[in-house]
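Enquirer: Structure for this input, please:
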Amino acid sequence: MPGGRGAFIAGGLFVALLVITGCTAAGPEATAPQSPPTLEAGNLEVVGQREPGEESEELAADVVPGVTIGKKWIAAVTMPEGTVSVYDRNSLEQAWEAENTNSWGPCGAPKFVSDDLIAVLESFPDDFGCRRMVIYDARTGEVVRQNDFVSGTFGTTTTYKEIIGAERIDGRLWFATEDAVGYIDPEDGSPVSVLDGAELGVVSSEDPGWASIFRLAADPERNLLVTALLHHGSDELLTDYYGIQVDGTSATVSWSLGEDIDQGAGLDVEGLDTSSIGIFVRDQKPGAIVAVNRVNGAPRVVGQLDSQTGAIRAALAPDLHLDVQDNPVTGYNLYEVIGDTLFTAAAEAPDENKTILAAYDLESGEELWRLTPELPNDDAEIADISRGTDGELYVTTADIYEGAATLSRIDLGSGKPRERWDIPEGVLLEAAMSVQVVDDTVLIAYVGDIPASVPVPALTFLRIGDETEG
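Expert: Alright, predicted model coming up:
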């Protein structure tokens, strides 16, 4: 994979870009800090940016970007080309990049198999769907191995299973294909199958009742994986969910529920529309948050799935419209789960800007607090909610059309901001983004289509400037 289409530029920081061809020269040896620095008060300044390359209809159509933070490295898939790049977490120096040469993928952020191995879901050349897991050495960009999951062989033609997703649970990277669940060996990157399709409700595509896994969610704090099973043969495309308890290298199906199994009765919530249940388990962020349709078009019930039973721990009954009530396909994923608390953006009505930040106790279902964060102008709304590497909650408010944005560190108990920073103008513009606080760095990554008319950087690194300069 030759690199170099996207240039990385830095201000106040020298960044070396290595060009790789499959196997690269060794990059910098990163060392995790003994005591990571934290984001202090002051003025944020741009210290590094990755500029997007030219838009390509052939390569960019099905790229899903994302960023993952490891102990020593920051790994990213960026738009529009789907380039994989890795940066030293301390110095922010780029170690290497691998250019995407396929017509599909990568499918989401890289995932850490171990401190120095990362996995990226990719496609085969001139194919569609992510059917190959490439394991890279995080230090050098060398391809350690490629994991292909054979579905069948027909004469000289071999077909491969789609890889649905991968999540870190209990110290290992667990993955799901369309008909199995397993983990990646942290030593050599090889796949180990643990649960087969029969245990997860899978039915062969040759059978009229064809059903396959199509989504994967996770709750790392409770060692829970949740697979979504789609019944392709049903007129209504019914969906079932399987809860998988992980313990080291073993995994056990602890519950199952859904539209085909028991019409959602296992959720243990009154007032559900059991004729058309509509269960949506959110897989964009950890926490196993579920939204479920109710009768008469009432707002969806929201809660967290119990890892042992699959029942909703406590049904939330908000008088606000929460971001997590939206369909996962259209929602903006403005939420975060920390412990037993859900923090989410909200609005008075579904068609209004989400300018309210609210917290809910997932064990009792009670609202803990709500408030409106300070907004940079009257047209701004909550643009991102995230958990920093320091365990703190951070909320970004922005008017992306004007480029005005602020970042706040939120007190978990009250919702009030403890610190606030202005994000430099022009960094957030007309595209969906994620904002992550990594030690003393604010990392902004675009996670949606980057408009050709607004060539914003795919990645931006911000740090507190030196107030003594000038």
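
Enquirer: would you list every one of the strands in the stretch 101-250 of the chain?
Expert: 111-114, 117-122, 132-137, 143-148, 150-154, 157-160, 163-169, 172-177, 180-184, 191-196, 211-219, 224-231, 239-247, 250-258 (DSSP state E, counting those that start in this stretch).

Enquirer: now those strands in TSV, with mean neighbour count, distance to G42 and mean pLDDT?
Expert: For every residue, glycine as well, the C-beta is placed using N, CA and C. Converted to TSV, the strands of the stretch 101-250 of the chain look like this (neighbours: other C-beta atoms under 10 Å; distance: least, C-beta to C-beta, whole Å; pLDDT from 0 to 100):
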stretch	mean neighbour count	distance to G42	mean pLDDT
strand 111-114	23	30	98
strand 117-122	25	32	95
strand 132-137	23	35	96
strand 143-148	16	40	95
strand 150-154	10	54	86
strand 157-160	11	50	87
strand 163-169	23	33	95
strand 172-177	24	36	97
strand 180-184	23	40	98
strand 191-196	16	46	97
strand 211-219	22	35	94
strand 224-231	24	39	94
strand 239-247	22	41	94
strand 250-258	18	46	93
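
Enquirer: would CSV of those strands with distance to R463 be doable?
Expert: CSV is the format used below for the strands of the stretch 101-250 of the chain (distance: least, C-beta to C-beta, whole Å):
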stretch, distance to R463
strand 111-114, 23
strand 117-122, 24
strand 132-137, 27
strand 143-148, 32
strand 150-154, 47
strand 157-160, 43
strand 163-169, 27
strand 172-177, 30
strand 180-184, 33
strand 191-196, 38
strand 211-219, 31
strand 224-231, 36
strand 239-247, 37
strand 250-258, 41
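
Enquirer: Out of these, flag the one nearest Q304.
Expert: Closest approach to Q304 among the strands of the stretch 101-250 of the chain (C-beta to C-beta): strand 211-219, 7.7 Å.

Enquirer: got a list of contacts for the closest one?
Expert: 164-169, 174-179, 181, 200-203, 205, 224-233, 240, 281-283, 286-288, 304-305, 307, 337 (C-beta atoms under 8 Å, 6 or more residues apart in numbering).

Enquirer: Which one, of the strands of the stretch 101-250 of the chain, ends up nearest to E99?
Expert: strand 117-122 (11.7 Å).

Enquirer: Just name whatever secondary elements that closest one is in contact with.
Expert: Here strand 117-122 touches strand 73-78, strand 111-114, strand 132-137, strand 163-169, going by 3 or more C-beta pairs under 8 Å, 6 or more residues apart in numbering; DSSP states H and E.

Enquirer: could you dump the ones you listed to a markdown table with distance to E122?
Expert: Compiled in a markdown table, the helices and strands packed on strand 117-122 are given as follows (distance: least, C-beta to C-beta, whole Å):
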| stretch | distance to E122 |
| --- | --- |
| strand 73-78 | 10 |
| strand 111-114 | 12 |
| strand 132-137 | 5 |
| strand 163-169 | 9 |
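
Enquirer: now for those, which one comes closest to A298?
Expert: Nearest of the helices and strands packed on strand 117-122 (C-beta to C-beta): strand 163-169, 31.0 Å.

Enquirer: Just the CA trace of that closest one, in CSV.
Expert: Provided in CSV are the C-alpha atoms of strand 163-169 (Å, rounded to 0.1, in the frame of the first residue of the first chain):
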residue,chain,number,x,y,z
ILE,A,163,-16.6,-9.0,8.8
ILE,A,164,-19.3,-7.1,10.8
GLY,A,165,-17.2,-5.4,13.4
ALA,A,166,-14.6,-5.6,16.1
GLU,A,167,-14.6,-4.4,19.7
ARG,A,168,-12.1,-4.6,22.7
ILE,A,169,-13.6,-6.6,25.5
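
Enquirer: If you compare the directions of that strand and strand 239-247, what angle comes out?
Expert: 40 degrees (axes from the mean of the first three to the mean of the last three C-alpha atoms, to 10 degrees).

Enquirer: hmm, who's touching stretch 403-418?
Expert: Taking C-beta under 8 Å, 6+ apart as the rule, stretch 403-418 contacts 39, 44, 338, 341, 343, 357-359, 369-371, 373-377, 380, 383, 388, 392-399, 419-423, 425-429, 435, 437, 442.

Enquirer: One more pass at 7 Å, please.
Expert: 338, 341, 357, 359, 369, 371, 373-374, 376-377, 380, 383, 392-398, 419-423, 425-426, 428-429, 435, 442 (C-beta atoms under 7 Å, 6 or more residues apart in numbering).

Enquirer: Generate a PyMOL selection restricted to the buried subset of those residues.
Expert: Selecting only the buried entries of the contacts of stretch 403-418 in PyMOL, with 16 or more other C-beta atoms under 10 Å as the criterion:
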select buried, resi 338+341+357+359+373+376+380+383+392+393+394+395+396+397+398+421+423+428+429+435+442
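
Enquirer: So which of the contacts of stretch 403-418 belong to strands?
Expert: 338, 341, 357, 359, 369, 371, 383, 393-398, 419-423, 435, 442 (DSSP state E).

Enquirer: So what would you say the end-to-end distance of stretch 200-216 is?
Expert: The first and final residues of stretch 200-216 sit 12 Å from each other (C-alpha to C-alpha, to the nearest Å).

Enquirer: To clarify, my last question referred to stretch 183-196.
Expert: Using C-alpha to C-alpha, the two ends of stretch 183-196 sit 13 Å apart.

Enquirer: before we move on, what about stretch 359-373?
Expert: 13 Å.

Enquirer: Show me what it is in contact with.
Expert: With C-beta under 7 Å, 6+ apart, stretch 359-373 has contacts from 303-304, 313-318, 340-343, 355-358, 382, 395, 397, 408, 414-415, 417.

Enquirer: between the helices and strands packed on strand 117-122, which one is nearest to T460?
Expert: The nearest among the helices and strands packed on strand 117-122, by C-beta to C-beta, is strand 73-78 at 11.1 Å.

Enquirer: relative to strand 132-137, how tilted is the closest one?
Expert: 140 degrees.

Enquirer: Which strands or helices does strand 73-78 pack on?
Expert: strand 66-69, strand 83-88 (3 or more C-beta pairs under 7 Å, 6 or more residues apart in numbering; DSSP states H and E).

Enquirer: ranking those by burial, who's on top?
Expert: strand 83-88 (a mean of 25; mean count of other C-beta atoms under 10 Å).

Enquirer: And the contacts of it?
Expert: 5-6, 28, 30, 50, 73-78, 93-100, 106, 110, 120, 138.

Enquirer: Can you tell me the closest non-neighbouring residue to N147?
Expert: M133 (4.1 Å; C-beta to C-beta, 6 or more residues apart in numbering).

Enquirer: quick one: contacts for the one you found?
Expert: A119, L121, N147, I163.

Enquirer: distance of it from I184?
Expert: 8 Å (C-beta to C-beta, to the nearest Å).

Enquirer: so what sits against both of the two?
Expert: With C-beta under 7 Å, 6+ apart, M133 and I184 have common neighbours A119.

Enquirer: Surely V438 touches T68?
Expert: No - taking contacts as C-beta atoms under 7 Å, V438 lies outside contact range of T68: 10.7 Å.

Enquirer: now V337, which residues is it bridged with?
Expert: Beta-bridge partners of V337, counted by DSSP bridges, are L342.
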